[in-house]
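Q: output the structure for:
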Amino acid sequence: MATTPIDMQRPEGKGLAAGTLGLWGSTVIGLASTAPVYSLVATLGFVVLAVGAQAPIAFVIAFIPMLFIAFAYRELNNDVPDCGTTFTWGTKAFGPWVGWMGGWGVAVAGMVVLANLAQIAGIYFWALVDGIVRNPEDALLADNVPLVTATGVVFIAAMTWVSWRGVEIGERIQNVLLAIQYLALAIFVVAALWQFFAGTAPDPTPFDWSWFNPFAFTEWSGFVEAVLLALFIYWGWDTCLALNEETKDPKRIPGRAALLTTVILLVTYVGVTVAAMMYAGLGETGTGLGNEANADDFFLAIKDGLLGPLGWVLVVAVMISAISSTQTTILPTARGTLSMAAYKALPRRFATVHPRYKTPSFSTLVMGVVAIVYYVGMTLISDNILQDSILSLGLAIAFYYAITGYACVWYFRRELFNSARNFFYRFLFPLLGAGLLTYAFVQSAIDMYNPDYGYGGGIGPVGSTFLLGIGSLAFGVLLMVLWFLFPRAKTFFRGESLNRETPVLVPEDPADFARSIDGGLV
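A: Next comes the predicted model:
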């Protein structure tokens, strides 16, 4: 496999496939990155356990900081459309050390979630096989850890190849996979409401506007827990921005796609939650959303009663959701490390771009290999440790999103009050979003410090989830210091290769690129 090293003097930017994506393609990839079906499966039950009937408003409230940070992404991208996103913006605003850690936050979040997505895809693949061909007396294939792990590795390898092969083929695949997910969600909503109005739902619960009352939360701890859980299901929309250099209009389309993605997710999550509550109610037994036994997978608990022989549709949808997000999760991390290497914040090898496919070839392959090693390693050590690493994911997410929000305010500090638009979109909204996520980070860290939090216990009085979450960020500090010691890193850490005045290494004129596989919608 031949690769071409990045030359910072090349006028065409970093060598990526400029002009490939339009608004629709960017939005599809942003939606796929959030894995909407899987996110609902993993989160809905726990949110209901935390706040009961206030689950819909919890999703709405969690949407607010995401929207505010999306504004920050849009404004920064309009001025600095670089695929390094948080790394590049953080460096331009606060200097190399903060910027490097922002890039590490993106990388570690991607690595950890890939392991989880691969495991879910493997489990649901074999659950589907169990439902079709298994003899009732045989052991469940979905419970076979080596088999599930091997299948997850195959999925990571396959999606790494798709990402390496090119963003065009990736978008075509994501169009199909996302359509399947939303078809399954539509079937779920229609079936749930049909049974509600027909009187055949297990616990029909009439819609009540009080579900959207933000003042009806009875416990602050439950409210905080629900919002923190809901933050996870919105995460991933920023992939739109990581592909900014591959869109027809790098300055406008990615920001619009990010905002559109978050709004579509809000409608999706609230709509499905309301339908589920009307169908199953909030009871603590049977298919009720308040039943702890169903919390980790509500769809599996109700699929047979809701869809009968078509229950496999929901199993396929969750599997597709996990596989789809596996591919799109690789994209922002690979492009982030590409950008870091282009500005000498990582070894030069990470900046190689495939001469034919125009993808960050080495970064993509490294991401796939690291994710496989991490997944297999965590599985061999303990499944509980793997699950705790997933629970700690919120720390990395809140960390780099908050850096982005603060970077927006500081980067534009000289023009914040030049207009009402600047005041809201470059100051107030990003600052509020960053503040809310800072609180989420601190509160999560405090909760995770307790050894009873999560599955793996802890070391003495310190919980394993806290150690994994804070430890992964601290490991980034160690790597940063080690890279600082290399001669090639000096220009970055001295602020020479990337600073506020550094021109972005991207094409400036979108009119130069007529090619767009979805029409380049503006």
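
Q: give the contact list for Val167.
A: 17, 20-21, 243, 246, 331, 358-359 (C-beta atoms under 8 Å, 6 or more residues apart in numbering). Where you see a C-beta, it was placed from the backbone N, CA and C, and this is true even at glycine.

Q: top of those by neighbour count?
A: Leu21 (33 neighbours; other C-beta atoms under 10 Å).

Q: and the pLDDT at that residue?
A: At Leu21, the pLDDT value in this model is 77.

Q: tell me, how many residues neighbour Ile169?
A: With other C-beta under 10 Å as criterion, Ile169 counts 14.

Q: nearest residue to it in space, please, no chain neighbours.
A: Val162 (6.3 Å; C-beta to C-beta, 6 or more residues apart in numbering).

Q: now do that neighbour, the pLDDT please.
A: 87.

Q: centre of the chain to stretch 413-423, how far?
A: 30 Å (C-alpha atoms, centre = their mean, to the nearest Å).

Q: typed the wrong thing, it's stretch 161-174
A: So, by C-alpha atoms, centre = their mean, the centroid of stretch 161-174 is 18 Å from its chain's centroid.

Q: quick one: terminal-to-terminal distance for it?
A: Its start and end residues considered, stretch 161-174 measures 14 Å (C-alpha to C-alpha, to the nearest Å).

Q: show me what counts as buried in that stretch.
A: For stretch 161-174, the neighbour count (16 or more other C-beta atoms under 10 Å) marks 162-168, 170-174 as buried.

Q: over to stretch 395-413?
A: 395-412.

Q: do the same with stretch 452-470
A: In stretch 452-470, counting by 16+ other C-beta under 10 Å, buried: 453-454, 456, 458, 463-470.

Q: go on, stretch 433-440?
A: Quick answer for stretch 433-440 (16+ other C-beta under 10 Å): 433-434, 436-440.

Q: state the mean pLDDT of that stretch.
A: For stretch 433-440, the per-residue pLDDT averages 92.

Q: which of the buried residues of stretch 433-440 lies closest to Gly290?
A: Ala440 (24.7 Å; C-beta to C-beta).

Q: what sits against that closest one?
A: So Ala440 contacts 65, 227-228, 231, 394, 398 (C-beta under 8 Å, 6+ apart).

Q: ok, back up a step: which of the contacts of Val167 lies closest to Arg426?
A: For the contacts of Val167, the nearest to Arg426 is Leu243 (22.8 Å; C-beta to C-beta).

Q: ok, that closest one to Leu338 distance?
A: 12 Å (C-beta to C-beta, to the nearest Å).

Q: the buried residues of stretch 161-174 in helices, which ones?
A: Counting by DSSP state H, the buried residues of stretch 161-174 place 162-165, 167-168, 170-174 in helices.

Q: can I get those residues in CSV including distance to Gly311?
A: As requested, those are exported to CSV (distance: C-beta to C-beta, whole Å):
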residue, distance to Gly311
Val162, 29
Ser163, 32
Trp164, 36
Arg165, 34
Val167, 35
Glu168, 35
Gly170, 30
Glu171, 31
Arg172, 29
Ile173, 25
Gln174, 25
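
Q: quick one: Lys344 is in a helix?
A: No: with DSSP: H, G, I helix; E, B strand; the rest coil as the criterion, Lys344 is coil rather than part of a helix.

Q: can you pull out the strands in the stretch 351-500 of the chain?
A: 458-459, 462-463 (DSSP state E, counting those that start in this stretch).

Q: go through the longest helix along the chain and flag the buried ones.
A: Secondary structure of the chain per DSSP H: the longest helix is helix 96-133. For helix 96-133, the neighbour count (16+ other C-beta under 10 Å) marks 96, 98-128, 130 as buried.

Q: so Val313 makes contact with Leu307?
A: Yes: with contact defined as C-beta atoms under 8 Å, Val313 reaches Leu307; the gap is 6.2 Å.

Q: for Pro487, grab the count of nearby residues.
A: 6.

Q: and for the one 3 residues further on?
A: Residues within reach of Lys490, counting by other C-beta under 10 Å, total 13.

Q: do Ser419 as well
A: 11.

Q: give me the three-state assignment for the residue nearest the centre of the chain.
A: Centroid check for the chain by C-alpha atoms, centre = their mean gives Gly236 as the closest residue, at 2.6 Å. Three-state assignment for Gly236 (three-state DSSP): coil.
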